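Trainee: sequence and predicted model, in that order:
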Amino acid sequence: MLGEGIVKGLAETARNFLGSFVDKERLVTVQYPEERLPVAEAARNFPFLIYDGTDPEQGLRCVACQICEKECPPRCITIEKSKDKKPDFVGKQQFYPAVFDIDVSVCMSCQICVEVCPFDAIRMDNEFELSTDDRFGGLLWTKEKLARPNEHYLAIHPTEAAEVEARRAEEQAQAEAKKQQPAVTK
């Protein structure tokens, strides 16, 4: 029959329209911004840097390896290494970023920076309300704006964060065990 697909589509639309008056679950309209849908755990928007402890400077996980900067397709990440070093979570002396900037007006939220980071220092946030009236200065995020505590990461991505924390705890335990072993002489 000619137009059978159109009739089926209209019937489905009518069923959903009339069903929304009877069943609240079928009502899809949300009165934003008063009402908000919960953000999915897998949602990703723009990257942020994770730090441990209370001080973003001291606890920043990033060691300025610059892998994320090199792998970023739109080249929106800028990193400058520091001249001195600080200890990382296992006690090894590491460089840290003196400058870490992301131009979010260029960022395409591809998550490649997250995938290539060997230190679990950069993750994707689920914050999406980023409008600003500042045309130029508001979209270049510096290290200070990008730094978020590990508790923020645990709150927005609990499943993924639990896996990362378990792996980091295991690595730290291995490093402690290695320190405790007496030196074997030949």
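Mentor: Sure thing, it's come through.
Trainee: contacts and neighbour counts: CA atoms only from here.
Mentor: Fine.
Trainee: can you give me the helices in the chain?
Mentor: Counting by DSSP state H, the chain has these helices, from start to end: 4-22, 56-59, 67-71, 112-116, 143-146, 150-156, 158-180.
Trainee: quick one: closest of those helices to residue 38.
Mentor: With distances scored as C-alpha to C-alpha, the stretch of these nearest to residue 38 is helix 150-156 (11.0 Å).
Trainee: so which elements touch that closest one?
Mentor: Based on contacts counted as 3 or more C-alpha pairs under 8 Å, 6 or more residues apart in numbering; DSSP states H and E, the elements that helix 150-156 packs against are strand 47-51, helix 158-180.
Trainee: export those to TSV and tack on mean pLDDT and distance to residue 96?
Mentor: Rendered in TSV, the data for these read as follows (pLDDT from 0 to 100; distance: least, C-alpha to C-alpha, whole Å):
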stretch	mean pLDDT	distance to residue 96
strand 47-51	96	12
helix 158-180	90	19
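Trainee: quick check: which of those is buried the most?
Mentor: Highest mean neighbour count among the helices and strands packed on helix 150-156 (mean count of other C-alpha atoms under 10 Å): strand 47-51, with a mean of 23.
Trainee: center of this structure, which residue is that?
Mentor: The geometric centre of the chain, computed from its C-alpha atoms, lies nearest to residue 124 (C-alpha atoms, centre = their mean), at 1.6 Å.
Trainee: now do the same contact list for the nearest residue to that one once chain neighbours are set aside.
Mentor: In space, not counting the residues next to it along the chain, residue 124 is nearest to residue 47; the distance is 4.2 Å by C-alpha to C-alpha, 6 or more residues apart in numbering. Residue 47 makes contact with 109, 111, 114, 122-125, 146 under the criterion C-alpha atoms under 8 Å, 6 or more residues apart in numbering.
Trainee: let's see that with 7 Å instead.
Mentor: With contact set as C-alpha atoms under 7 Å, 6 or more residues apart in numbering, residue 47 has these partners: 122-125.
Trainee: neighbours around residue 125, how many?
Mentor: The local packing of residue 125 (other C-alpha atoms under 10 Å) involves 22 other residues.
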